[in-house]
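A.B. asks: Quick one, what's the 3D model for this:
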Amino acid sequence: MEMNLIETNPTVMMGKPVIAGTRITVELILEKLAAGETVEQILDAHPRLTRQAVSAALLYAVQNLPTYSPEAV
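C.D. replies: Numbers count the residues shown, from 1 in each chain. Predicted coordinates:
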C-alpha cells in the first residue's frame with residue numbers, strides 16, 4: 001500500500017492529512033465510515049477517491065492516531 005497517497009501541507013486543509021492531490025481529509029473518510037457509510041458510498045460521493053486511497057487513509061489512522069488505553073483513564 002502506498003503511504004504517499006496521504007500528504008500533509010500547512011496550506012491545505014489547515015495541515016490535516018489529506019488524500020494526495022485532493023482536499024479530502026483522512027478525518028472525513030474516518031467520519032463517514034464511523035457513520036456507517038460503505039466504501040462504495042464514499043467512492044460514489046467522491047469520484048476522485050480510489051479504494052486504495054481509502055485503504056491508505058485507514059492505514060494512516062492506525063499508524064498515527066493514539067490508541068485508547070483503559071489504564072490511562
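A.B. asks: in the host helix or strand of Ala53, what's buried?
C.D. replies: Using DSSP states H and E, the element containing Ala53 is helix 51-64. Under the neighbour-count criterion of 16 or more other CB atoms under 10 Å, helix 51-64 has Ala53, Val54, Ala56, Ala57, Leu59, Tyr60, Ala61 buried. All C-beta spots, glycine's among them, are computed from the backbone N, C-alpha and C.
A.B. asks: And for stretch 34-51?
C.D. replies: Under 16+ other CB under 10 Å, the buried positions of stretch 34-51 are Ile42, Leu43, His46, Leu49.
A.B. asks: chain center to it, what's the gap?
C.D. replies: Put simply, stretch 34-51 sits 11 Å off its chain's centre (CA atoms, centre = their mean, to the nearest Å).
A.B. asks: Give me the contact list for it.
C.D. replies: With CB atoms under 8 Å, 6 or more residues apart in numbering as the contact definition, stretch 34-51 has outside contacts at Ile19, Gly21, Thr22, Ile24, Ile29, Lys32, Leu33, Val54.
A.B. asks: quick one: terminal-to-terminal distance for that stretch?
C.D. replies: Stretch 34-51 has an end-to-end distance of 17 Å (criterion: CA to CA, to the nearest Å).
A.B. asks: follow-up on the earlier one: do me a favour and average the pLDDT over the helix holding Ala53.
C.D. replies: If you average the pLDDT over helix 51-64, you get 95.
A.B. asks: go on, stretch 22-39?
C.D. replies: Mean predicted lDDT for stretch 22-39 stands at 97.
A.B. asks: hmm, back to that, what about the contacts of stretch 34-51, which are in helices?
C.D. replies: With DSSP state H as the criterion, helices contain Ile29, Lys32, Leu33, Val54 from among these.
A.B. asks: The last one touches Leu28, doesn't it?
C.D. replies: Read it as Val54. No: when contacts are counted by CB atoms under 8 Å, Val54 is not listed as touching Leu28 (10.8 Å).
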